[in-house]
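Undergrad: sequence first, predicted coordinates after that:
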Amino acid sequence: MQDYGIWTVITPLVTITLAVLTRQVILSLLAGALVGYTVMAGFNPLVGVQHTLDNIIDVFASAGNTRSILFCFMVGGIIRLVQVTGGTQGMVHWLTEKANVINNRYAVQLLAMITTMLIFIESSISLMSAGTVTRDLASRYNISREKMAYIIQSSCVSSCSSVMMNGWGAAMMAIIGVQISNGFLQGEPFNILLHSIPYNLMAWFSLASVLFYIFSQKSWGPMAVADRRAASGKALRDGAFPIAGHDDVELITSDSRGHPLNFVIPLATTIIMVPIGLYITGDGNIAHGSGSTAVFWAVMAGTAVSFVYFLCRNILTVDEFFTHLLAGYSSMMPLGAIMTLAFLMGNLSAELHTGQYITQSIEGVLPAGFSASFVFLIAALMSLATGTSWGTFAIMIPIGVQISAATGIDPHLMIGAAISGSIFGDMTSPISDTGIVSSMATGNDHIDHIRTQFPYVLLTGMAATLCFAVFGWISLG
């Protein structure tokens, strides 16, 4: 394994710094990738450019990457169909007028939170569903898009990382199983993870924070600026570049226009198909299924059912259906570019061994009682730099378990700390896939979403760090 030294962290630092300064995520990702591949090419910039371009193409060599990117385009088509047929407006009308369950700012934000938590089986579907159902409602009550993105991403990541019957849980149990086979743990992976989830403090504190901000209606920092702008009726700041836009969709003329079923049928089909896909690809075990395959099948099923439904009800003609479907695909072009570059950066971080370098640089510098805080902070730094929670806990759970075996600290605490640190970066990194999808689902400028959310997540992370330190010393007796 080649050692790139300090240069291994320069790439994510360039990306993050440029993203903050320029608010141009595509430029930042490209610049970071170019720096990284130039380093790997022995600081030859021409070879670095060549390797950057070659590796962009290589992103699509992974079937999982390709399915995820296609999903982003295709879900844009479904959302367009739902909107152009008045499905979103019909659902909003039903919730606000007929059922009268969503009639204030608090209810809108709670609906977003609950939706993401209930659809815990797959994060992308969860985020898209919550964003679609609440986006018009948020506009009606002048709730900032940044606040809605914060609510749905924090709630989604927290619930997905704490519910064991999904892809997240399956991955964690597999990693724990390796540690059992290596003799660092005893017991069954399911039971060990079950006892570790209560220590996923970042998740629990994040959910508590979301509830606090919903019911108190308080905001501070950049989020307060966004909330004041939204309260004045301005959806986006001047110069903002939303990842996907469906604001000016012209509704078709039809007697069936605005019916809530136009919303429910396409999205319900897509959502229901996810666990079915996980069951099939997991050979009867949902926890072992392929998430990327399941969501791809789900969005294909949602498109097919939408075609039959809208044509049979004479809401759309064949020509109209495909015109709006393709218009929805085209609106996802910025997201497709960002997802491609995010996958590129993930691959680059692995080739540069960014996670291992960060861990080795700080290993052994703290007393044993601070071990849980140490694991949390390193995982947080690693996930912020790489934009991947799964890749981070794949590295940090084994490290946490092995530190536990050496120091005598409760291994469940160490596993919880590794998971918590991993989702910190998921909520703060500009290259995190859940962050990108959250921006898309709420119609946000992606950097505005990250910039406004970061202080909130940082405060939550500081509280988690202190608690891990306390629990670490208590664990040692």
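TA: Right, received. Where do you want to start? Numbering: from 1, shown residues only.

Undergrad: tell me the contacts of the residue lying closest to residue 425 once chain neighbours are set aside?
TA: Residue nearest to residue 425 in three dimensions, not counting chain neighbours: residue 383, with 2.4 Å by Cβ to Cβ, 6 or more residues apart in numbering. All C-beta atoms are positioned from the backbone trio N, CA, C, and that covers glycine. Taking Cβ atoms under 8 Å, 6 or more residues apart in numbering, we find residue 383 in contact with 389, 391-392, 421-426, 429, 432.

Undergrad: figure out how far stretch 215-230 is from the centre of its chain.
TA: Chain-centre distance of stretch 215-230: 22 Å, with Cα atoms, centre = their mean, to the nearest Å.

Undergrad: restricting to C-alpha, output it in CSV.
TA: Included here for stretch 215-230 are C-alpha records, laid out as CSV according to Å, rounded to 0.1, in the frame of the first residue of the first chain:
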residue,chain,number,x,y,z
PHE,A,215,-41.7,23.0,18.3
SER,A,216,-39.6,26.0,19.4
GLN,A,217,-39.6,27.5,15.9
LYS,A,218,-36.1,28.9,16.9
SER,A,219,-33.2,29.1,14.5
TRP,A,220,-29.7,30.5,14.6
GLY,A,221,-26.7,31.0,12.4
PRO,A,222,-27.1,30.7,8.6
MET,A,223,-30.4,28.8,9.2
ALA,A,224,-31.9,31.9,10.8
VAL,A,225,-31.0,34.0,7.7
ALA,A,226,-32.7,31.4,5.5
ASP,A,227,-35.8,31.3,7.7
ARG,A,228,-36.1,35.1,7.6
ARG,A,229,-35.8,35.1,3.8
ALA,A,230,-38.4,32.4,3.5
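
Undergrad: one step back: tabulate the contacts of residue 383 (JSON lines), appending pLDDT and secondary structure.
TA: Output for those, formatted as JSON lines (pLDDT from 0 to 100; DSSP: H, G, I helix; E, B strand; the rest coil):
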{"residue": "389", "pLDDT": "80", "secondary structure": "helix"}
{"residue": "391", "pLDDT": "70", "secondary structure": "helix"}
{"residue": "392", "pLDDT": "76", "secondary structure": "helix"}
{"residue": "421", "pLDDT": "93", "secondary structure": "helix"}
{"residue": "422", "pLDDT": "90", "secondary structure": "helix"}
{"residue": "423", "pLDDT": "92", "secondary structure": "helix"}
{"residue": "424", "pLDDT": "93", "secondary structure": "helix"}
{"residue": "425", "pLDDT": "86", "secondary structure": "helix"}
{"residue": "426", "pLDDT": "87", "secondary structure": "helix"}
{"residue": "429", "pLDDT": "86", "secondary structure": "coil"}
{"residue": "432", "pLDDT": "83", "secondary structure": "coil"}
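
Undergrad: neighbours of residue 164, how many?
TA: When counting by other Cβ atoms under 10 Å, one arrives at 18 neighbours for residue 164.

Undergrad: ok, now residue 189?
TA: Residue 189 sits with 20 neighbouring residues when counted by other Cβ under 10 Å.

Undergrad: and the closest residue to it other than its chain neighbours, what element?
TA: With Cβ to Cβ, 6+ apart as the measure, residue 173 is the residue that lies nearest to residue 189, at 4.0 Å, once sequence neighbours are left out. Applying DSSP states H and E as the criterion places residue 173 in helix 167-181.

Undergrad: quick one: list the elements packing against that helix.
TA: helix 189-196, helix 389-407, helix 411-428 (3 or more Cβ pairs under 8 Å, 6 or more residues apart in numbering; DSSP states H and E).

Undergrad: please work out the average pLDDT along it.
TA: Taken as a whole, helix 167-181 has a mean pLDDT of 75.

Undergrad: buried sites along it?
TA: Of the residues in helix 167-181, 167-173, 175-177, 179 count as buried by neighbour count, 16 or more other Cβ atoms under 10 Å.

Undergrad: ok and that helix relative to helix 411-428, angle-wise?
TA: Counting by axes from the mean of the first three to the mean of the last three Cα atoms, to 10 degrees, helix 167-181 lies at 140 degrees to helix 411-428.
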